[in-house]
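>>> Provided below for reference: sequence and predicted model.
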Amino acid sequence: MPAEPPASATPKPCPVCRKPLDPRFRPFCSARCRQVDLGRWLAGDYAIPAGEPLPDDDDEG
């Protein structure tokens, strides 16, 4: 069974519209915000920054 957060912990708002969360759609407030977030991922709006590629050891001598 998942542990309940402490009573003093303030729940974070919906990452899409900033409204209070609905436990049925956690971490979002609605099915619509869940779909908006999925669309953003699929469109490439979210990206993890990448650094310079490491040099290959095979290229040497």
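Everything's here; your move.
>>> gap between residue 52 and residue 46?
Taking C-beta to C-beta, to the nearest Å as the measure, residue 52 and residue 46 are separated by 21 Å. (Each C-beta comes from the backbone N, C-alpha and C, glycine too.)
>>> who has more neighbours, these two?
residue 46 (9 against 5; other C-beta atoms under 10 Å).
>>> name the nearest residue to the more buried one, ignoring sequence neighbours.
Nearest residue to residue 46 in three dimensions, chain neighbours excluded: residue 40, at 5.9 Å (C-beta to C-beta, 6 or more residues apart in numbering).
>>> buried residues, the helix or strand hosting that neighbour. List them.
Taking DSSP states H and E as the definition, one finds residue 40 inside helix 31-43. By neighbour count, with 16 or more other C-beta atoms under 10 Å as the criterion, the buried positions of helix 31-43 are 33, 34, 37.
>>> gap between the first one and residue 52?
What that stands for is residue 33. When residue 33 is compared with residue 52 (using C-beta to C-beta), they lie 36 Å apart.
>>> and if you look at the last one?
Spatial separation of residue 37 from residue 52 under the definition C-beta to C-beta is 30 Å.
>>> one more: the second one?
As for residue 34, its distance to residue 52 is 35 Å (criterion: C-beta to C-beta).
>>> try residue 43
Using C-beta to C-beta, residue 43 is found at 26 Å from residue 52.
>>> low-confidence regions, this structure specifically.
Under the criterion pLDDT under 70, the flagged ranges of the chain are 1-8, 57-61.
>>> check which helix or strand residue 51 maps to.
With elements delineated by DSSP H and E, residue 51 resides in a region that no helix or strand encompasses.
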